[in-house]
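Participant: Give the three-dimensional model of this entry:
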Amino acid sequence: MPDRILVVDDEKEIADLVEVYLHNEDFEVCKFYSGSEALECIENCAFDLAILDIMLPDMSGLDICKTIRSLGHNFPIIMLTAKNEEADKITGLTFGADDYITKPFKPLELVARVKAQLRRYKRYNQTPGVKPEAQLEYAGLLMNVENHECLLDGQALSLTPTEFSILKILLTNKGKVVSSEAMFHELWQDEYYTKSNNTITVHIRHLREKLGDDAGSQKYIKTVWGVGYRIGH
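Facilitator: All right, here's what the predicted structure looks like:
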């Protein structure tokens, strides 16, 4: 059964172009030009990934993203943002988006991002029977990789799939520094990382908030300036 992709963009030419490229990769596409129609479909259909334009005529793509997460759906969300709208990118990640791509974009780059997100999502939702890794832990932080559960001092943490994956990478490499670039490639398995890409930085910031870290203590995720991030000494 092909993966089903939700595409929401009021620019008909862009939405139609994305649909063509995704169809060429054998994805099933549900395409909408308005947010209200998309939300109605979300309530009645299952999706594997969503591509949401931020600027829509009736509502913001950020609101759709927030609604998807509030409904408990954890499939990946890629936001389409206008050039240089850095605030929108950060807000999208805050609302639960997994990645963003700036207009104008190359269709093949978007397809690559879609495939990378789906690979990560399927690893995150591995079917029963897959041999689990050992539990990962550090200073009251306990991660059960098989059950995709993470506890902090016995209390469940609510993590997005991307946050879970980043924390898993850091715990797996406990005591070692992991660069943003290496983390990006392991998560998305593509070559579109640049030093100006702040996707990892924003996700790290959200993780720190959920772990109760602050700029002064950094009990869990430590920044090694100019190198990357580390959990443990």
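
Participant: Every contact and neighbour count from this point should use C-alpha atoms.
Facilitator: Fine.

Participant: What is the helix or strand bottoming out on mean pLDDT in the chain packed up against?
Facilitator: Within the chain, confidence by mean pLDDT, DSSP states H and E is lowest for helix 86-94 among all helices and strands, at a mean of 72. Judged by 3 or more CA pairs under 8 Å, 6 or more residues apart in numbering; DSSP states H and E, helix 86-94 is in contact with helix 61-70, strand 77-81, helix 199-211.

Participant: contacting residues for Glu186?
Facilitator: By CA atoms under 8 Å, 6 or more residues apart in numbering, Glu186 lies in contact with nothing.

Participant: And the average pLDDT for the host helix or strand of it is what?
Facilitator: Here Glu186 is covered by helix 180-188, with elements defined by DSSP states H and E. Helix 180-188 comes out with an average pLDDT of 82.

Participant: Likewise for stretch 57-77?
Facilitator: Stretch 57-77 comes out at a mean pLDDT of 89.

Participant: Let me see the residues that make contact with that stretch.
Facilitator: With CA under 8 Å, 6+ apart, stretch 57-77 has contacts from 10, 34-36, 39, 42, 47-55, 79, 91-92, 95-99, 117-118, 121, 160-161.

Participant: again, only using 6 Å
Facilitator: In this structure, residues lying in contact with stretch 57-77 by CA atoms under 6 Å, 6 or more residues apart in numbering are Gly35, Asp48, Leu49, Ala50, Ile51, Leu52, Asp53, Ile54, Gly92, Phe95, Ala97, Asp98.

Participant: Next, count neighbours for the first one.
Facilitator: If I follow you right, that is Gly35. 24 (other CA atoms under 10 Å).

Participant: Who are the contact partners of the residue most central in space within the chain?
Facilitator: By CA atoms, centre = their mean, the chain has its centre lying nearest to Asp98, at 1.9 Å. By CA under 6 Å, 6+ apart, Asp98 lies in contact with Pro76, Ile77.

Participant: Looking only at the top helix by length along the chain, what residues are buried by neighbour count?
Facilitator: Ordering each helix of the chain by length in residues (DSSP state H) puts helix 107-124 first. By neighbour count on 16 or more other CA atoms under 10 Å, the buried set for helix 107-124 is 107, 110-118, 120-121, 124.

Participant: Tell me what Gln155 is bridged to.
Facilitator: Note on Gln155: beta-bridge partners by DSSP bridges are Leu152.

Participant: I am finished for the moment; much appreciated.
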